[in-house]
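# Give me the fold of what follows.
(2 chains)
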Amino acid sequence: MRSRTFFLTFLVVALLLAGVGSFYASGHADGLEHVAGQLGFLDRAERSPTADGPFGGYSTKGIEDARVGGGLAGVAGSLLVLALALGLFRALRRRDDSDEPAESQG
Amino acid sequence: MHVPDGFIDATTSLATGAVAVAGVTLALRGARRELDDRTAPMAGLVATFVFAGQMMNFPVGAGTSGHLLGGALAAVLAGPWTAVLAITVVLLVQALLMADGGITALGTNVTLMALVAVVVGWLVFRGMLAVLPRRTSSVAPAAAIGAFVSVPAAALAFTGIYAVGGTAPVPLYTVVTAMLSWHLVIGLGEAAITGLVVASVVAVRPDLVYGASGALAAQQLEIRQRATT
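Take a look at the predicted model:
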């Protein structure tokens, strides 16, 4: 598979999961939340200072529909992660003209 | 497994913050050896996939769910140092944009998911590769086992941090038992997702799987040998 095709497929799968699939994900408390509730320290959790942000709690401010709002938040978060991670990794990458020897991994 | 603000006291949060900064600083140096023109875009997509994958909570019974941590997955696909950075980026976006995981708890969350889960997942993966046949078909099962172990490992690390700086007095053994039992089950989901994704990428582009390079080289050598004899 060509790199372009592969990368595009990988990105589309991620965006579909975050934008569409996440609506169908389990809404139950996760393992840590469940344990915290069971053992009585869940009430120690403080509201995050970023909870009122535009995508706080994986929803989109001003959009009532959970499917649309959650999907938008998922896509926005994914694209932000992509931009930040790509920027960081491109800045860190070994350039072709680098004299650093390529390390084989095995 | 995202720890909210308030679970862990300020002193301990400062300490886990220092651990997180030290780990990420090391990773910024180490990742330079893993990243080049070919692997940098792959690593960016791996981070994106982990963010998306973490939204897909799966039920594990009794009104409880689990989600991908992605530490082992990212380490196998992009390399362990790059994985530390990828998961850290995911956790930053989650805390700052989604209010998922606290702000003072960021150091704790980076320590648990970007350091402990990645390091344990990677080491177990390498250990499994050492005992499994040197073929690309061994990579996905080894990744799945690394992924499985990484989840209870992160749960244990949480318990350790809670024992030092938990804000509510809960007997340590009850925290250990509860955290481990749930996260062993969640680990099975982590293993299934990681195995499936790694197997899919190995099937189409094994050259883009960091953890497959050794097996791939061995396999190519083997083929060449047969052709010449």
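# so where do the strands sit in chain B?
For chain B, applying DSSP state E gives strands covering B:58-61, B:64-66.
# which ones are touching B:Leu14?
B:Gly107 (CB atoms under 8 Å, 6 or more residues apart in numbering or on different chains). Just so you know, the C-beta spots here come from the backbone N, C-alpha and C atoms, and that holds for glycine as well.
# Please report how far the residue nearest the centre of chain A lies from A:Gly19.
Residue closest to the average C-alpha location in chain A (CA atoms, centre = their mean): A:Ser78, at 4.8 Å. Counting by CB to CB, to the nearest Å, the gap from A:Ser78 to A:Gly19 is 8 Å.
# circling back to that earlier point, where does the residue nearest to the centre of chain A sit, in terms of helix or strand?
A:Ser78 is located in helix A:66-92, with elements delineated by DSSP states H and E.
# Against which helices or strands is that helix packed?
helix A:3-19, helix B:10-34, helix B:39-54, helix B:80-97 (3 or more CB pairs under 8 Å, 6 or more residues apart in numbering or on different chains; DSSP states H and E).
# Mind doing that once more with 6 Å?
helix A:3-19, helix B:39-54, helix B:80-97 (3 or more CB pairs under 6 Å, 6 or more residues apart in numbering or on different chains; DSSP states H and E).
# re earlier: make JSON lines out of the strands of chain B and add mean neighbour count.
Below are these laid out as JSON lines (neighbours: other CB atoms under 10 Å in any protein chain shown):
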{"stretch": "strand B:58-61", "mean neighbour count": "16"}
{"stretch": "strand B:64-66", "mean neighbour count": "23"}
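# where's the spatially most central residue of chain B relative to chain A, distance?
In chain B, the centroid-proximal residue (CA atoms, centre = their mean) is B:Gly71; its distance is 0.9 Å. B:Gly71 sits 15 Å away from chain A, going by CB to the nearest CB, to the nearest Å.
# Need phi/psi at A:Gly27.
phi -90, psi 0 (degrees, to the nearest 10).
# How about the contacts made by B:Leu97?
A:55, A:77 (CB atoms under 6 Å, 6 or more residues apart in numbering or on different chains).
# ah, wrong one, I meant B:Phe7
With contacts defined as CB under 6 Å, 6+ apart, the neighbours of B:Phe7 are A:Arg44.
# 10 Å - rerun?
With contact taken as CB atoms under 10 Å, 6 or more residues apart in numbering or on different chains, B:Phe7 is in contact with A:32, A:36, A:41-42, A:44-46, B:13, B:102, B:104-105, B:108, B:158, B:161-162, B:165-168.
# Mind giving me the PyMOL select for the residues you listed, buried ones only?
Per 16 or more other CB atoms under 10 Å in any protein chain shown, the buried members of these correspond to this PyMOL selection:
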select buried, (chain A and resi 32+36+41+42+44+45+46) or (chain B and resi 13+102+104+105+108+158+161+162+165+166+167)
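# returning to what we had before: and the strands of chain B as CSV, adding mean pLDDT and distance to B:Leu35?
As requested, the strands of chain B are arranged in CSV below (pLDDT from 0 to 100; distance: least, CB to CB, whole Å):
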stretch, mean pLDDT, distance to B:Leu35
strand B:58-61, 94, 31
strand B:64-66, 96, 30
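# Same list (the ones you listed) but as CSV, adding distance to B:Ala212.
Formatted as CSV, the strands of chain B follow (distance: least, CB to CB, whole Å):
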stretch, distance to B:Ala212
strand B:58-61, 26
strand B:64-66, 27
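# between those strands, which gets nearest to B:Ala199?
strand B:58-61 (18.4 Å; CB to CB).
# one step back: between A:Ser78 and A:Gly19, which contacts overlap?
Contact criterion CB under 10 Å, 6+ apart; residues bridging A:Ser78 and A:Gly19 by contacting each: B:52, B:55.
# In the chain, where is pLDDT below threshold?
Just so you know, I chose chain A. A:96-106 (pLDDT under 70).
# that answer is for a different chain, and I need it for chain B
B:222-229.
# Apply 90 and report the result again.
For chain B, the stretches with pLDDT under 90 are B:61-62, B:214-229.
# near chain A at all, the top helix by length along it?
Counting by DSSP state H, the longest helix found in chain B is helix B:172-204. Yes. Interface with chain A: helix B:172-204 contributes B:174-175, B:177-187, B:197, B:200-201, B:203-204 (CB under 10 Å from any CB of the partner chain).
# Compute the number of surrounding residues for the closest residue to the residue nearest to the centre of chain A other than its chain neighbours.
Excluding its sequence neighbours, the residue lying closest to A:Ser78 (CB to CB, 6 or more residues apart in numbering or on different chains) is A:Ala18, at 4.5 Å. If you count neighbours by other CB atoms under 10 Å in any protein chain shown, A:Ala18 ends up with 29.
# wait, A:Ala18 sits on B:Ala52?
Yes. A:Ala18 is within contact range of B:Ala52, at 3.8 Å (criterion: CB atoms under 10 Å).
# Can you check which residues contact both of the two?
Joint contacts of A:Ala18 and B:Ala52 (CB under 10 Å, 6+ apart) are A:74-75, A:77-78, A:81.
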